[in-house]
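*Asks:* Sharing a model that was predicted from the sequence below.
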Amino acid sequence: MMKLLKHWIVVPTTLAVMLTSAGLVHSQSVQTLVPGFTPDPMKLTGTSEASTEKACDKLGTTPSHVIELAENFGYLRFSLQSDGQPTLVIQRSGQNKQCVPGSPGQDIEYPGYWEAGIYNIYIVDRAGSQHPYTLSITQVR
């Protein structure tokens, strides 16, 4: 009976540690930007999500990056460099998503005025492949 009790204590404890660790990793992946951030451009890398659906209609549950803009930005430009058929999808919490499809061999650029808030960034390949990418964020026009 004591042996069985030890196992029942170990499993919930291990599960709690794993969930806590996962939460810490997620919170560390949020990039917070304020006007005048350095280095500029900020460069984020990863591998695109493969999607054979319309890239803007079906997104994974986990964004490629989470960006928090602590203040409004009079100008900010997102630039995506990737092979394949990339699409940059940006969704502000509680708002519609902005879908910017690219052409093979061309960078995607999405400049403009950005309000403070949290933005989920998805990098998707419309051809159903996965490719390495670099996402640059700059305040320089």
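*Replies:* Cool, got the structure. Please read these numbers as outputs of a predicted model, since none were measured by experiment. Numbers count the residues shown, from 1 in each chain.

*Asks:* Residue nearest the middle of this structure, spatially speaking?
*Replies:* residue 65 (1.7 Å; CA atoms, centre = their mean).

*Asks:* can you give me the strands for this protein?
*Replies:* 30-33, 42-47, 49-50, 65-69, 73-82, 86-92, 97-101, 108-114, 117-125, 132-138 (DSSP state E).

*Asks:* which neighbours does the fourth one have in its sheet, and in what orientation?
*Replies:* Meaning strand 65-69. strand 30-33 (parallel), strand 117-125 (antiparallel) (DSSP bridges).

*Asks:* May I see the buried residues of the last one?
*Replies:* In other words, strand 117-125. For strand 117-125, the neighbour count (16 or more other CB atoms under 10 Å) marks 119-125 as buried. To be clear about C-beta, it is placed using only N, CA and C from the backbone, and glycine gets the same treatment.

*Asks:* average pLDDT across it?
*Replies:* For strand 117-125, the per-residue pLDDT values average out at 95.

*Asks:* Other residues contacting it?
*Replies:* 30, 46, 48-51, 55, 59-60, 63-69, 78, 80, 82, 84-93, 131, 133, 135 (CB atoms under 8 Å, 6 or more residues apart in numbering).

*Asks:* If you rank every helix and strand of this structure by mean pLDDT, what lands last?
*Replies:* helix 2-28 (a mean of 40; mean pLDDT, DSSP states H and E).
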